[in-house]
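# let's see this in three dimensions:
(2 chains)
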Amino acid sequence: MDKDQKEIELYKQAYFREKKARKEAEKLLENKALELFNTNQELIMLNEGLEQNLERRVDEIKAMANFYLQNPNPVIRINGDFEILFRNEKGLSILAEIEQNRENRNYTFFRQTISDCLKSGNESTLVNEIGGHFFQLTFIPFTNESFVNIYGIDISNQIAAERARQESELNFRDYIETAEDIIYQTDLTGQVTYVNPSVTKITGYLPEEFISQNIRQFISSTTLLKAIKIHMDQLKNGTGSTYFEFEFITKSGKKRWLGQKAKVLQKNGRDVGFLVFARDIHENKILQAEIERSEEKYRGILENLELGLIEVNNEGVMTKVYESFCKLTGYSEKELIGNKPEDFLLHPESKKKMQEVETLRNKGVSSVYEVQIKHKNGNYLWIIISGAPYYDQEGNKQGTIGVHVDITERKKLENELNEAKEIAQASAKAKEMFLANMSHEIRTPLNAVIGVGQLLANTQLTSQQTNLLDKIQISAQSLLRLVNDILDLTKVEKGEMIIENKANNICDCINELISTLEYSALKKELKLFSEHINVDRDDWRLFDRLRLSQVLLNLTSNAIKFTEKGEVKVRFGRKSRESNVFFFEVTDTGIGISKKNLSTIFNEFKQAEDNTTRKYGGTGLGLSISKKIISLLGGELRVESELGKGSKFWFEITLEQTNQPKENLISESEISLNDFTFLMAEDNEFNQFVAEKMIEESEGEIITFGNGKLLIDFLKENPDTKYDLILMDIQMPEMNGLETVQYLRNQLGIEKPIIALTANAVKSDIDEYLKVGMNDYVSKPFDRNVFKSTLAKYLDNKHTPPILNLAKLEEMGGGDIAFRNKMLKIFHKEGLASLEILRSNSKEQLKQIAHKIKPSLDILGNQKIQKLTRLIEEGNHDPLDEYIQMLSQLLDEVADKLQD
Amino acid sequence: MKGIVFTEFLDLVEEKFGLETVQQIINEVETKSDGVYTAVGTYDHGEMFAMVSKLSEISGIGIPNLLEFYGEHFFDILASSYPQFMQKKDLFSFLETIDNYIHPEVLKLYPDAELPKFKAKSVDSTQLELIYQSKRKMIDFAVGLIKGAATYFEEKVDVQKSKINLDGEEVELKITKIG
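Numbering: from 1, shown residues only, chains lettered A, B, ... in the order given. Okay, here's the model as predicted:
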């Protein structure tokens, strides 16, 4: 074989080998591919299963997770590095709480427990207070996985309950240990098995001295047998609880009353002993004995007293009669018991009263009442009964206990006294009425005396006649004051005093007071003056000038009366210019009042000393009236005085500020009734006379009618009569004042002013006068000033008043012409000198002159010249010429008067 | 044994000794497969030993030398066929990955493969101890492979068999870097 052929052969063999190998490989690969396909199929299937499985597992896990997450108790998984692997909501809050309070030992405990569990592989349980709750935490370690499952339960409630139970057990023990009562237990034989500490306080025995002893040895022999019997019976009869009082022999050997309540103790349905509460009733027992003794004592006393005692049941039947009651009524006990008192004992008239009382008593009211009862002998007795219901222990009324006292004698006396009192009261009232009526009756004629006296003074009289007239006037005035005082007092007491607050000037009021009393003071050579504090000359206030003046006049004239030497000062004003409270003080340097009499000087008909009246005169009514008036004005009249050193009377009243009224107060001196015509209805001739005179004096004309009817008839017949004002009396025959006015106003349509002339100026009457259409009123007896100024108020006054005004001076002099003339002469002389200076135009002296002449002009001059004087005094020279002219005219008129 | 070991062996014999030697070995060695091998198949490793013994007989070169030589050559084949296992940058770290990474991966592809164990224990940066364990007792083939790997990583190493136990089933190697 050649080399090439050999080579070809080799390649051939290699080629077949390779071909065979390729086929083998292809087969292997095909198998492998098939295998792969199958495997892939399997994988796909497996995957599907896996997915389903996975989903199911996921759901399971989710459910499981929710199961834990929603667990209200904490569930936590934590590994050895304290990393939280799982926790539910509650677990998180607990972990946060522990984490936040690292300083708390909980934090350390918690970690320590986790570490310990993992180390030992043992479960562990902890109770921790976390965030105010108690948790029981169970730690279950999984050492392989190196984590711990922690399951917690909130056991706060259990713990609270446990604590409460422990506390209540403690409290209960505490109650027993601190109880006031002795609490002890015995076995059936009386052997003590337990006692609380109170035993020491009450009996002196220590508990250990008491326990194991038999209770019998502590019970006094007097009560022992009874004690044994009671408790034996209790066991025998199965009585649950008994109460028994006995004498306990204390450690010191003394006996002490205890009241004990014993209960049978049972165990498994068998009696085993007693539980006993024993109370110290020693004091009560003693007290009770005391009460019983005292009851016994009073029963004895009652029995021996002359008090008729009976007991009556709810039906009114006598159930118990005491000997005293038998004695009182004359019946025996046998005759009384079982009967009703009203059937035969009571006076028919008293039965009704008895029934009323019975109703009251059923309501539980005790009462005392008087009835008449019939004695067995037929005589009626007056009895005073004191009845009180009595009750049983449950509070049910059992009946009445009646105590009867014979008051027949007393009743007789009482009746006599009552009669006497009634007679006395009636007589006092009659006297009072008589006095008031008398005063009233006296006033009318007195008015006549004074009025006529005044008119008489204006006629030509000899000095002797003047002197006599003077005395008449003084007496009449003082009598009038007395009568007025009495009437005032009656008015105040009946609440009929009218307070009329009008705009008035305080300074005017005081000035008037001073000038009124100037003469009286002058006569006694006393200095009378006023002081004002924080009051302006033009301070106008609302007050009743009449009443205030009345009081001040009373106080000041008293001061003058009781002062022989020195001064009388009227001080008034207020503490500050802002205040409306004014004080008025009248101070004198007179005889004073002793301490003893200070308290009574304001009483009616009282003067400081009994002999005062003899020495100084007066009614003793002035201060009493003054005090009452000031009280009506809202103040209190007070006094300070020392015997021999003088007195001070003062009061404070509130005076509201007001404006000066537009109409000028018309002073009587300036009133002229010239050219005015008045109609008057008045039945009393004297009053007619006085009123007529007063009007004619002022140059007015008056037509008088005897009653209202005559006036009406006249006006009907002469409707054109010219007149300006009607004066109307109230009490008149035929037709009285009220009827007349109503007729005039309503039937005749008369609109002219009508002024009432009244003797009873009480408020209710005045109101009625005004209601029927009258404009004003004037009180009788007529005061010249009041009369004229009241009239003038309703007249259209167009007349210039005269410059010279003698009225005031005459009043001061009380009608003493000599005095008047003397004063006029002095004034004339001074006036001429002043006039000369005024005319000399020496201006620096003007003020001085005006100041000096002012007091005289306040008395003699009219308002205009007084006003001008003040202007000059204040440094105003404008009206100087007019002033000189007026003064000159005044002096001329004075000279004329003096020549007369 | 994997078919690739056979196919590569015969290719190498053909290349170094000629087709005639290949034919001679196939002819003279009684094998079940009659010299037909495919890389994807699996064959009795006894056939390999028989063929290597025959080549030694024909060429007069010792079996260990032949196996070591073939190992060195075979590494190149493996490295180019399986580049995914050649991520490491140096020999020692590569050797350490055999047991931990490469062989477990091979087993995934060829579950029937019978692979030796290489327990690596580094002494220091220049020396590595490697314990070879295999019932096949093919330490020389393994040494060739290691040397081939050193060449691949461009490193020079000295490989010493420091201990041979169990008739070559377990051999301790000391691998030392040179230079």
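# for residue A:21, give its distance to chain B.
The gap separating residue A:21 from chain B is 5 Å, by CB to the nearest CB, to the nearest Å. C-betas here are computed from N, CA, C, even on glycine.
# do residue A:825 as well
Distance from residue A:825 to chain B, by CB to the nearest CB: 163 Å.
# tell me how many other residues surround that residue.
Burial of residue A:825 is recorded as 13 neighbouring residues (other CB atoms under 10 Å in any protein chain shown).
# please report the distance of it from residue B:24.
Distance, residue A:825 to residue B:24, using CB to CB, to the nearest Å: 205 Å.
# over to residue A:220?
Using CB to CB, we find residue A:220 at a distance of 146 Å from residue B:24.
# where do the helices of the stretch 251-400 of chain A begin and end?
Per DSSP state H, counting those that start in this stretch, the stretch 251-400 of chain A carries helices over the ranges A:282-304, A:323-329, A:333-336, A:341-344, A:348-362.
# okay, these, which one's buried deepest?
With neighbours taken as mean count of other CB atoms under 10 Å in any protein chain shown, those reach their highest mean count in helix A:323-329, at a mean of 18.
# which residues touch it?
Applying CB atoms under 8 Å, 6 or more residues apart in numbering or on different chains, the external contacts of helix A:323-329 come out as A:302-303, A:305-310, A:332-333, A:336, A:345, A:373, A:375-376, A:381, A:383, A:404, A:406.
# repeat for stretch A:824-831
With CB under 8 Å, 6+ apart, stretch A:824-831 has contacts from A:809, A:852, A:853, A:856, A:860, A:887, A:890, A:891, A:894, A:895, A:897, A:898.
# and the closest residue to chain A within chain B, which of the three is it?
In chain B, the residue that lies nearest chain A is residue B:38 (3.6 Å; CB to the nearest CB). Classification of residue B:38 using DSSP: H, G, I helix; E, B strand; the rest coil returns coil.
# distance of the closest residue to it other than its chain neighbours relative to residue A:780?
Spatial nearest neighbour of residue B:38, excluding adjacent residues (CB to CB, 6 or more residues apart in numbering or on different chains): residue A:25 at 3.6 Å. For residue A:25, the distance to residue A:780 equals 171 Å [CB to CB].
# more crowded one of these two?
Remark: of residue A:25 and residue A:780, residue A:780 carries more neighbours, 24 against 19, as counted by other CB under 10 Å.
# tell me the contacts of the spatially closest residue to the more buried one that is not a sequence neighbour?
Spatially, and ignoring its direct neighbours in sequence, residue A:780 is nearest to residue A:759 (4.6 Å; CB to CB, 6+ apart). Neighbour list for residue A:759: A:440, A:443, A:444, A:730, A:731, A:779, A:780 [criterion: CB under 8 Å, 6+ apart].
# the first one is in contact with residue A:486, isn't it?
By that I understand residue A:440. No - using CB atoms under 8 Å as the test, residue A:440 is too far from residue A:486 to be in contact (9.2 Å).
# re the thing from before, the more surrounded of residue A:220 and residue B:24?
Neighbours were counted for residue A:220 and for residue B:24 using other CB under 10 Å; residue B:24 has more, 18 against 14.
# contact partners for the more buried one?
B:54, B:58.
# repeat that with 7 Å
residue B:58 (CB atoms under 7 Å, 6 or more residues apart in numbering or on different chains).
# of the contacts of residue A:759, just the buried ones, PyMOL syntax please.
Only the buried entries of these go into this PyMOL selection, using 16 or more other CB atoms under 10 Å in any protein chain shown:
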select buried, chain A and resi 440+443+730+779+780
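# from the contacts of residue A:759, pick the one nearest residue A:634.
residue A:779 (24.0 Å; CB to CB).
# neighbours around residue 51, how many?
Here I'm looking at chain A. By other CB under 10 Å, 10 other residues sit near residue A:51.
# not quite, I wanted chain B
Residue B:51 has 22 neighbours, counted by other CB under 10 Å.
# averaged pLDDT, whatever helix or strand it lives in. What do you get?
If you go by DSSP states H and E, residue B:51 is part of helix B:45-59. With pLDDT averaged residue by residue, helix B:45-59 scores 90.
# does it reach chain A?
No - Helix B:45-59 stays clear of chain A (CB under 7 Å from any CB of the partner chain), getting no nearer than 13.5 Å.
# just the CA atoms of that helix, as PDB, please.
Coordinates of the C-alpha atoms in helix B:45-59 are reproduced here as PDB (Å, rounded to 0.1, in the frame of the first residue of the first chain):
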ATOM      1  CA  HIS B  45     -12.900   7.800  32.000                       C
ATOM      2  CA  GLY B  46     -11.100   4.300  31.800                       C
ATOM      3  CA  GLU B  47     -11.100   4.800  28.000                       C
ATOM      4  CA  MET B  48      -9.100   8.000  28.500                       C
ATOM      5  CA  PHE B  49      -6.500   6.300  30.700                       C
ATOM      6  CA  ALA B  50      -6.300   3.400  28.100                       C
ATOM      7  CA  MET B  51      -5.700   5.800  25.300                       C
ATOM      8  CA  VAL B  52      -3.100   7.800  27.300                       C
ATOM      9  CA  SER B  53      -1.300   4.600  28.200                       C
ATOM     10  CA  LYS B  54      -1.300   3.500  24.500                       C
ATOM     11  CA  LEU B  55       0.100   6.900  23.500                       C
ATOM     12  CA  SER B  56       2.800   6.600  26.100                       C
ATOM     13  CA  GLU B  57       3.600   3.100  24.800                       C
ATOM     14  CA  ILE B  58       3.700   4.400  21.200                       C
ATOM     15  CA  SER B  59       5.600   7.600  21.900                       C
END
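# and the next helix or strand after that helix, what does it pack onto?
Toward the C-terminus, helix B:45-59 is succeeded by helix B:63-81 as the next helix or strand (DSSP H and E). Applying 3 or more CB pairs under 7 Å, 6 or more residues apart in numbering or on different chains; DSSP states H and E, one finds that helix B:63-81 makes contact with helix B:3-17, helix B:45-59, helix B:139-152.
# circling back to that earlier point, tell me who's in contact with the residue of chain B closest to chain A.
Applying CB under 7 Å, 6+ apart, the residues near residue B:38 are A:21, A:24, A:25, A:28, B:3, B:7.
# what's around the fifth one, how many residues?
Each residue near residue B:3 was counted by other CB under 10 Å, and the total is 20.
# hmm, it is touching residue B:40, no?
Yes - with contact defined as CB atoms under 7 Å, residue B:3 reaches residue B:40; the gap is 6.0 Å.
# before we move on, back to that, ok, so of the contacts of residue B:38, who is nearest residue A:434?
Comparing the contacts of residue B:38 against residue A:434 with CB to CB places residue A:28 closest, at 169.7 Å.
# setting aside sequence neighbours, what's the nearest residue to that closest one?
residue B:40 (5.2 Å).
# correct me, but that neighbour touches residue A:27?
No - in this structure residue B:40 lies outside contact range of residue A:27 using CB under 7 Å: 10.1 Å.
# out of everything not next to it in sequence, what's closest to residue A:320?
Once flanking residues are discounted, residue A:320 sits nearest to residue A:311: 4.0 Å by CB to CB, 6+ apart.
# the one you found - how many residues pack around it?
Count around residue A:311 with other CB under 10 Å applied: 17.
# got it, and the one 3 residues further on?
Taking other CB under 10 Å as the criterion, the count of residues near residue A:314 is 12.
# and for residue A:757?
Neighbour count for residue A:757, taken as other CB under 10 Å: 22.
# ok, now the one 10 residues further on?
Using other CB under 10 Å, residue A:767 is surrounded by 10 other residues.
# could I get the phi/psi values of it?
With angles defined as degrees, to the nearest 10, residue A:767 sits at phi -60, psi -40.
# mind checking pLDDT for it?
83.
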